[in-house]
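Visitor: Sequence first, then the predicted structure:
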Amino acid sequence: MRGGTIAILGASLVLAAATGANAGGQTGPAVSTPPAAASVPVDPAAIVAGRKAAFLLSAANFGGMKAVIDSGGDVAGQAFAARSLANWAKALPAMFPPGSNVAPTEALPNVWTDRAGFEAKAAAYAEAAGKLAALAKAGDKPGFAAQWSELRKTCGGCHEAYRKEDKKG
């Protein structure tokens, strides 16, 4: 699972940097972009592919945590996976820059037109994942299981509001 969560974080950071996620809203020291990097165009289809891959890695983390819950295993080992989901949730808004609503995205247009709502849902997801990580670190099996369900609700709530209906089945 660690490789998947590291890939989520790496993909998030690379794509956030490539899309200029902090442009204009930077709170830390100014970061200069090397001229060569500034001249590389960002392909919206590549952004969609990156976020789809990260969503699949998130699903793998959810599945791995659920398997530990169902088996009664030690949840302390799931703290890293939960923290990676919290970090992914914090990066989520940057993964949907203007112009990235291109096929084969499953995002609805309101990701961009209701940006405040989308960012609020991502923040709720990050908070729920942070609580899950704390419960994992404490080894609290019942608390972890209950919070895992809450995390799934925050994840699903965003999908219900901002993702095209799944036509599979």
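Guide: Looks like it came in fine.
Visitor: from here on, contacts and neighbour counts on C-alpha atoms
Guide: OK.
Visitor: how distant is stretch 74-85 from the center of its chain?
Guide: How far stretch 74-85 lies from its chain's middle: 15 Å, per C-alpha atoms, centre = their mean, to the nearest Å.
Visitor: do the same with stretch 47-65
Guide: With C-alpha atoms, centre = their mean, you get 8 Å for stretch 47-65.
Visitor: Same check on stretch 117-125?
Guide: 11 Å.
Visitor: i'd like the first residue to be 14 from this point on
Guide: Done: numbering now begins at 14, and the last item shifts to stretch 130-138.
Visitor: So which bits of that stretch are buried?
Guide: Neighbour-count burial for stretch 130-138, counted by 16 or more other C-alpha atoms under 10 Å, picks out 130, 131, 132, 134, 135, 136, 137, 138.
Visitor: C-alpha coordinates for stretch 101-119, PDB please?
Guide: Output of stretch 101-119 as PDB, limited to C-alpha atoms (Å, rounded to 0.1, in the frame of the first residue of the first chain):
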ATOM      1  CA  TRP A 101      -4.700  13.900  -1.300                       C
ATOM      2  CA  ALA A 102      -7.900  15.700  -0.100                       C
ATOM      3  CA  LYS A 103      -5.900  18.900   0.500                       C
ATOM      4  CA  ALA A 104      -4.500  18.700  -3.000                       C
ATOM      5  CA  LEU A 105      -7.800  17.800  -4.700                       C
ATOM      6  CA  PRO A 106      -8.900  21.400  -5.600                       C
ATOM      7  CA  ALA A 107      -5.500  22.000  -7.400                       C
ATOM      8  CA  MET A 108      -6.100  18.900  -9.400                       C
ATOM      9  CA  PHE A 109      -9.100  20.500 -11.100                       C
ATOM     10  CA  PRO A 110      -7.600  23.700 -12.600                       C
ATOM     11  CA  PRO A 111      -9.600  25.700 -15.100                       C
ATOM     12  CA  GLY A 112      -9.500  24.100 -18.600                       C
ATOM     13  CA  SER A 113      -9.200  20.500 -17.200                       C
ATOM     14  CA  ASN A 114     -12.800  19.600 -17.900                       C
ATOM     15  CA  VAL A 115     -11.900  17.500 -20.900                       C
ATOM     16  CA  ALA A 116     -12.700  13.900 -21.900                       C
ATOM     17  CA  PRO A 117     -12.500  11.500 -20.300                       C
ATOM     18  CA  THR A 118     -13.100  13.400 -17.100                       C
ATOM     19  CA  GLU A 119     -16.000  12.300 -14.900                       C
END
